[in-house]
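**Q** When you get a sec, could you give me coordinates for this:
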Amino acid sequence: MCIRRAAMVLSVTLLLAIPLFAADQLFVTRLKASVAILYSQDETGSMKMRCTATAFKKTSKSYLFVSAAHCLGNDDSQHETSAPVADLSLYVTFDEVRGAKTFYPAEVVMVGYQHRGDDFCILEVQTREKWSVIPLGDEKEEQDGATIVNVASPSGLGLQVLWGTISSLYVDRPLVQDEINWKGAMLLQISAGPGSSGSAIVSERQQAIVGFLVGVVGGHSVVAIPVSRFKAVRQVFEDGQYKWFVNVRK
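**A** Got it, this is the predicted structure:
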């Protein structure tokens, strides 16, 4: 496709235009390739879908995924620790459309304490395969009305690409649901459903993660935890100071 543009010097220049959707499609393809569905396996071998997870970092032998803490269970409020996961057998799959789906064992690295609003977990999958990764961004560089994209599996219908907006970058009041307090959350206008929890909210402009979908309030506002909180808690954990998680790595 050509765009005809008249120059002030009475010459005419033909410019080859690159459709905007082409760049968007490359980004969406890369994003979708980084998203997996999180399953658990019971003693009979049956698989149960839990949530959505996104690869955000590659190590020398593995990939790190992030999802929601409530996907793994409830806090142990009696002992003031995050959800116990010692007996969980977890797997991720990229939900291949054709042929048999491949399930990769996932090991829990860290689980946030939901009572504090730390509704996220980190999973590690060891593999020699090469996968796509979406980096962590900064929600503070965004503003109300910014365009975001989310890849999730609402209602267990497989991975879907969903576009929406940030309706409120920061909520200055508590958002409490059961035992979870999503303080300092973002609100989004985007489709969501059971199975979407833990999925990454990705800035179209940054092409990086700015939050994590955790729930819905009022039947229409989708709640996300800002990536800045995830970064801060992850740093505390890596420094050995996160007292709410009991390490169960075998």
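**Q** which non-adjacent residue is nearest residue 84?
**A** residue 76 (5.8 Å; Cβ to Cβ, 6 or more residues apart in numbering). Where you see a C-beta, it was placed from the backbone N, CA and C, and this is true even at glycine.
**Q** how deep is the one you found tucked in, by neighbour count?
**A** 14 (other Cβ atoms under 10 Å).
**Q** my guess is it meets residue 86, correct?
**A** No - Residue 76 sits out of contact with residue 86 when judged by Cβ atoms under 8 Å, with a separation of 11.4 Å.
**Q** what residues are up against residue 244?
**A** 80, 81, 82, 112, 113, 116, 118 (Cβ atoms under 8 Å, 6 or more residues apart in numbering).
**Q** And the residue nearest to residue 84, how close does it get to residue 82?
**A** Residue 76 sits 7 Å away from residue 82, going by Cβ to Cβ, to the nearest Å.
**Q** Also residue 180?
**A** In this view, residue 180 and residue 82 are 12 Å apart by Cβ to Cβ.
**Q** So between the two, which is more surrounded?
**A** More neighbours surround residue 82 than the other of residue 180 and residue 82, with 27 against 22 (other Cβ under 10 Å).
**Q** Just the pLDDT for the residue lying closest to that one once chain neighbours are set aside.
**A** Spatially, and ignoring its direct neighbours in sequence, residue 82 is nearest to residue 111 (4.1 Å; Cβ to Cβ, 6+ apart). On pLDDT, residue 111 comes in at 97.
**Q** Enumerate every residue touching residue 111.
**A** Here residue 111 is in contact with 69, 72, 82, 83, 85, 121, 245 (Cβ under 8 Å, 6+ apart).
**Q** Go through this structure and flag its longest strand.
**A** The longest strand of the chain (DSSP state E) is strand 47-58.
**Q** If you count contacts, what does that strand end up packed against?
**A** Here strand 47-58 touches strand 35-41, strand 62-67, strand 90-93, strand 147-152, strand 208-217, going by 3 or more Cβ pairs under 8 Å, 6 or more residues apart in numbering; DSSP states H and E.
**Q** Out of the ones you listed, which is closest to residue 158?
**A** strand 35-41 (8.1 Å; Cβ to Cβ).
**Q** Give the buried residues for the closest one.
**A** 35, 36, 37, 38, 39, 40 (16 or more other Cβ atoms under 10 Å).
**Q** Skipping adjacent residues, who's closest to the residue positioned nearest the centre of the chain in space?
**A** The centroid of the chain falls nearest to residue 200 when counting by Cα atoms, centre = their mean (2.1 Å). Using Cβ to Cβ, 6+ apart and skipping residues adjacent in sequence, the residue nearest residue 200 is residue 54, 4.0 Å away.
**Q** Pipe the contacts of residue 244 into JSON lines and attach secondary structure and distance to residue 190 per row.
**A** Formatted as JSON lines, those follow (DSSP: H, G, I helix; E, B strand; the rest coil; distance: Cβ to Cβ, whole Å):
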{"residue": "80", "secondary structure": "coil", "distance to residue 190": "33"}
{"residue": "81", "secondary structure": "strand", "distance to residue 190": "32"}
{"residue": "82", "secondary structure": "coil", "distance to residue 190": "27"}
{"residue": "112", "secondary structure": "coil", "distance to residue 190": "22"}
{"residue": "113", "secondary structure": "coil", "distance to residue 190": "26"}
{"residue": "116", "secondary structure": "helix", "distance to residue 190": "25"}
{"residue": "118", "secondary structure": "coil", "distance to residue 190": "22"}
